[in-house]
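Visitor: take this sequence and fold it.
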Amino acid sequence: MTDDQFDLHTGYVTFKNPIALATMAGITNSTFANEHADRAGLVVIGGYNLDEKTNDAASKLVARGRDEFISDNPFGFLKNEIEGVGGDSVVAVNVRSATIEPLLEAARIVKDAEAILELDAHCRQEEMVSIGVGEALMHDIPKLVDWIGKIKKTGVVLSIKIRANVVNDIDLARAIESAGADILHVDAMKEGPGADLHAIRSIRDSTNMFLIGNNSITCLKDSKDMLARGADMISVARGVLNDSNPNLISELVDDITNYQEAAGWYNAPKHICGGEGDLRALAFCCLPVKPCAVHNKIGKLGFSAQEFTNLKMEFAKGTMLEYGDSTCFGSLVWCCKLSKPCFLRDGVMDMIDLSGAEYMRLKKNLATYILENAKIPVNEC
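Guide: Numbers count the residues shown, from 1 in each chain. Sure thing, here's the model as predicted:
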């Protein structure tokens, strides 16, 4: 499978697949990435401490038994780590600093390497938070926005790593997008086990940024569940350390590649009528002729029922979705996701020789068309 079959890109980087290695402090360096994630679309290494304050804080963390990367030559260390990652995965470096200047220097190094800079607004250890690093940035949005703007002036592709359910996720995501960041990497943490998939869906419906979902990914089902809520990519952390499945990332790459080849839309959303679909799922909605959840969704985008109807029919004209006189509403443009059995839809597809993968690719294009023509943009609705 070639890179463009997933159509995953932002800025000057293109990802070969939607599987990433996420950071684990003191663990995910270049050696670890080469051993565990050589087939990943993205490897995020770090977090690396760039100044005296963060290295001192890291030393305190080590003293109480945590792993950390500590260096008296942080920029030389950073260069060596980027160069040390083999293969053709995109590289991102997760970094921390108590002041902006080291972040700007790191951004220049990272851009020259055509890699990604990831700002850590995620770490919740008190030693880091107390010096204004990590999670402290989520509580100081003006400072975070200011730093993002200054970092982006270097031209680097910038990711922001955050944790869900700490502050208002939607306000935070929109502030980060408005400041100019390219990628939002969300640890969908919640109380209790598992990932907060609702948080991923809510953020997807609030921003146009490239979205990476993280937390509790241990198998293909976990990956598909998060991707179906709107993540463009998923990242794996602790699951890689499980001795029972040391090849987790490689297996996920194979599984999601096979799924994309068969399904045509690897992160197709859940249906809206089931209560779990994001705005992209409007591509699967019926004609809005009865009271249902579709009206709330199209209202957020500023459409009346008739405007939404006209928009979908406008897209369908001249495509294979225009066919389907024998379907419920006379056109495949109103038909549901392939995961929902329907002999009427499938009969039309057989008759016009439309494969399931091509049907889903058309639905993906339809979803993009709907959102691009929204009267109220996603990041404002």
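Visitor: so where's the chain uncertain?
Guide: Along the chain, segments meeting pLDDT under 70 span 1-3.
Visitor: all the helices of it, residue numbers only.
Guide: In the chain, the helices defined using DSSP state H lie at 30-36, 52-63, 74-84, 100-112, 126-129, 141-152, 169-179, 197-204, 220-227, 248-263, 293-300, 305-316, 343-351, 356-372.
Visitor: next, format the ones you listed as a markdown table and append mean neighbour count and distance to Gly274.
Guide: Bear in mind the C-beta positions are built from the backbone N, C-alpha and C, glycine included. Putting the helices of the chain into a markdown table (neighbours: other Cβ atoms under 10 Å; distance: least, Cβ to Cβ, whole Å) gives the following:
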| stretch | mean neighbour count | distance to Gly274 |
| --- | --- | --- |
| helix 30-36 | 17 | 35 |
| helix 52-63 | 18 | 43 |
| helix 74-84 | 17 | 43 |
| helix 100-112 | 18 | 41 |
| helix 126-129 | 20 | 39 |
| helix 141-152 | 17 | 33 |
| helix 169-179 | 20 | 22 |
| helix 197-204 | 23 | 12 |
| helix 220-227 | 20 | 13 |
| helix 248-263 | 18 | 18 |
| helix 293-300 | 17 | 9 |
| helix 305-316 | 17 | 19 |
| helix 343-351 | 15 | 17 |
| helix 356-372 | 18 | 16 |
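Visitor: of all those helices, which lies closest to Cys273?
Guide: Comparing the helices of the chain against Cys273 with Cβ to Cβ, the closest turns out to be helix 293-300 (5.6 Å).
Visitor: isn't Arg96 up against Leu50?
Guide: Yes - look at Arg96 against Leu50 with Cβ atoms under 8 Å: they come within range, at 6.5 Å.
Visitor: just to revisit the earlier point, dump the helices of the chain to CSV, plus distance to Gly277.
Guide: Listed next are these as CSV, based on distance: least, Cβ to Cβ, whole Å:
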stretch, distance to Gly277
helix 30-36, 33
helix 52-63, 41
helix 74-84, 39
helix 100-112, 36
helix 126-129, 36
helix 141-152, 29
helix 169-179, 17
helix 197-204, 8
helix 220-227, 13
helix 248-263, 16
helix 293-300, 8
helix 305-316, 15
helix 343-351, 18
helix 356-372, 10
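Visitor: show me which of Arg96 and Leu50 is the more surrounded one.
Guide: Arg96 (30 against 24; other Cβ atoms under 10 Å).
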